[in-house]
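1. compute the structure for the input listed below.
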Amino acid sequence: MGFQVVRDIETNSLEGIALGISYETMRPIFVSIDQTLENLKNLLLTRKGERFYQPLFGSDLLEILFEPNISELKEEIQEIITEPINFWLPYIDIESIDIVTAEDDPTLNHVMRISINVSINDFETETITFTVDDNGALEVS
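-> This next block holds a predicted model:
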């Protein structure tokens, strides 16, 4: 059975049904991959026990990011990212998790960069990058 698209949703206006609101821009979200990225940021940046009535929601990512930068840390970070995504957001497919430290790139002195490539049902792939610097700042892009 086929469907006909009668009208495209204009993403620059408030017409149509929005899936949610972006945390960073406070604008409505109309595309499911954008909502998925917001859900993923929310999950990974929420500490376990922080959400009321959902003490297991979240991850331990914020606790481990500022640990001493040793090679075993990469494996722990991958596990800390993968487990909550598989449990809370099973519709997200993790394509890859790339962790770059000063050991890998000497120009990143006291900086760690984590890039997570995700897709929804192999439909569209997007990347979220977490960058941690020596001043204790965390940037999400």
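2. could you check how far Ser119 is from Glu103?
-> 29 Å (CB to CB, to the nearest Å). For glycine as for every other residue, the C-beta is placed from the backbone atoms N, C-alpha and C.
3. the more surrounded of the two?
-> With neighbours defined as other CB atoms under 10 Å, Ser119 and Glu103 compare such that Ser119 has more, 16 against 13.
4. can you pull out the strands in this structure?
-> Using DSSP state E, the strands of the chain run over 20-21, 28-29, 92-100, 112-120, 125-132, 138-140.
5. neighbours of Val118, just the number please.
-> 21.
6. residues touching it, list them.
-> 36-37, 40, 85, 92-95, 125-128 (CB atoms under 8 Å, 6 or more residues apart in numbering).
7. any regions of the chain where pLDDT drops low?
-> 1-31, 69 (pLDDT under 70).
8. could the strands of the chain go into a markdown table alongside distance to Leu61?
-> Output for the strands of the chain, formatted as a markdown table (distance: least, CB to CB, whole Å):
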| stretch | distance to Leu61 |
| --- | --- |
| strand 20-21 | 22 |
| strand 28-29 | 23 |
| strand 92-100 | 11 |
| strand 112-120 | 8 |
| strand 125-132 | 8 |
| strand 138-140 | 9 |
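9. of those strands, which is nearest Leu45?
-> Distance to Leu45, taken as CB to CB, is lowest for strand 138-140 among the strands of the chain, at 7.2 Å.
10. now do the closest one: distance to the chain's middle.
-> 11 Å (CA atoms, centre = their mean, to the nearest Å).
11. also stretch 111-122?
-> 7 Å.
12. swap in stretch 32-43?
-> On CA atoms, centre = their mean, the centre of stretch 32-43 falls 7 Å from the chain's centre.
13. thanks a lot, see you next time.
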